[in-house]
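> Got a predicted structure here, sequence first:
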Amino acid sequence: MVDTTRSFDPSLGPTAAAALADDDLDLGPPPPLKQRVWQYAKRHPTVMIGFAILVAMALISIAAPLLASDPLELNPIIRLKPPSAEFWFGTDFLGREVYARVIYGGRISLTVGLAVAVIATTVGLFIGLLAGYIRAVDAVVMRVMDGLMAIPGVLLAIALISLAGASVINVIIAITIPEVPRVVRLVRAVVLTIREQPYVEAAVSVGTKLPKILWKHILPNTMAPLIVQATYVCASAIVIESILSFLGAGTPPEVPSWGNIMAEGRDYFQIAPWMIFFPGLLLAITVLAVNILGDGLRDSLDPRIARRM
């Protein structure tokens, strides 16, 4: 029989509440991991679909040396060959295999997207926690963030790359800077709500130090929206990298990426449309998969939506 008379202190917070409930209710051993994954997949199929597509894209890009020839190998004899059994995606105006260039180009786009998402969310989380909890920092930081958000991200990236030069690292830095303010505003909004909760006020009243309050009581509650935001940052970074490379302000021409592959094919679109079609198709599939993953994570991590599913 369950003991329903046990009292609960609301100042303990949601984590302690869940632990107290687990102590009171003898639910038996948890189901096996395989069963839990299958149940999660049935409840949130979009998460699994998006994740599976991204994993497939990543594995193909990693195994590019085993799946394709040298993307820089020139062979003018076979220039502008249409897709066939020998050349799956055709060849470009220099006789390079479009298939090999597209497979290798996925490495750049996925690397840039993942790196920007990790760096932007990490930096934005740190700044957002401080801005949301410390009022003196908030006034200064948010004005700087507002100023960065007032500048179009693509134009800011082009300006930074023009000053620093074209390279993959500079592209990552140039795309990360405009993405940080969006993460900061999200985290700040969550922190402003959480810091008024009774369990945070109780921690302050007993003299808990600021780093411990941020780490133990506030940070865990920002994870769900932050993970969802990270997927949107990743998708945005992949698109912006392709735009920059298409305009000639992204990765160097000798480094194949989906953007500069399409840029090279625009002059031959009428006679060789495959030079634009295949990199554009993989770009669209990848961005769609990231957005599907983000929507699925939002539905699964938001308790209000999860209860209705």
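It's in.
> tell me what the helix or strand harbouring Asp146 is packed against?
Per DSSP states H and E: Asp146 is located in helix 135-149. Helices and strands touching helix 135-149, by 3 or more C-beta pairs under 8 Å, 6 or more residues apart in numbering; DSSP states H and E, are helix 98-133, helix 168-194. Bear in mind the C-beta positions are built from the backbone N, C-alpha and C, glycine included.
> Rounded mean pLDDT for the first one, please.
Looking back up the chat, that one is helix 98-133. What helix 98-133 shows for mean pLDDT is 90.
> ok and that helix relative to helix 135-149, angle-wise?
150 degrees (axes from the mean of the first three to the mean of the last three C-alpha atoms, to 10 degrees).
> list the helices and strands helix 98-133 packs on?
Using 3+ C-beta pairs under 8 Å, 6+ apart, helix 98-133 sits against helix 45-62, helix 64-67, helix 135-149, helix 168-194, helix 219-247, helix 258-265, helix 274-301.
> what's the closest of those to Val112?
helix 219-247 (4.5 Å; C-beta to C-beta).
> Buried by neighbour count: which residues of that closest one qualify?
For helix 219-247, a neighbour-count test (16 or more other C-beta atoms under 10 Å) marks 219, 221-222, 224-226, 228-246 as buried.
> Same check on stretch 80-89?
80-81, 87, 89.
> contact partners of it?
78, 90-93, 97-99, 102, 268, 271-272, 274, 278 (C-beta atoms under 8 Å, 6 or more residues apart in numbering).
> Could you tell me which of those count as buried?
Buried among the contacts of stretch 80-89 (16+ other C-beta under 10 Å): 78, 90-92, 97-99, 102, 268, 272, 274, 278.
> Distance to Leu72 added to these, as CSV?
Shown next, in CSV, are the buried ones among the contacts of stretch 80-89 (distance: C-beta to C-beta, whole Å):
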residue, distance to Leu72
Ile78, 15
Gly90, 17
Thr91, 13
Asp92, 11
Glu97, 10
Val98, 13
Tyr99, 14
Val102, 14
Tyr268, 18
Ala272, 19
Trp274, 19
Phe278, 18
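> The closest residue to Ile53 other than its chain neighbours: neighbouring residues, count only.
Nearest residue to Ile53 in three dimensions, chain neighbours excluded: Ala289, at 3.7 Å (C-beta to C-beta, 6 or more residues apart in numbering). Using other C-beta atoms under 10 Å, Ala289 has 21 neighbouring residues.
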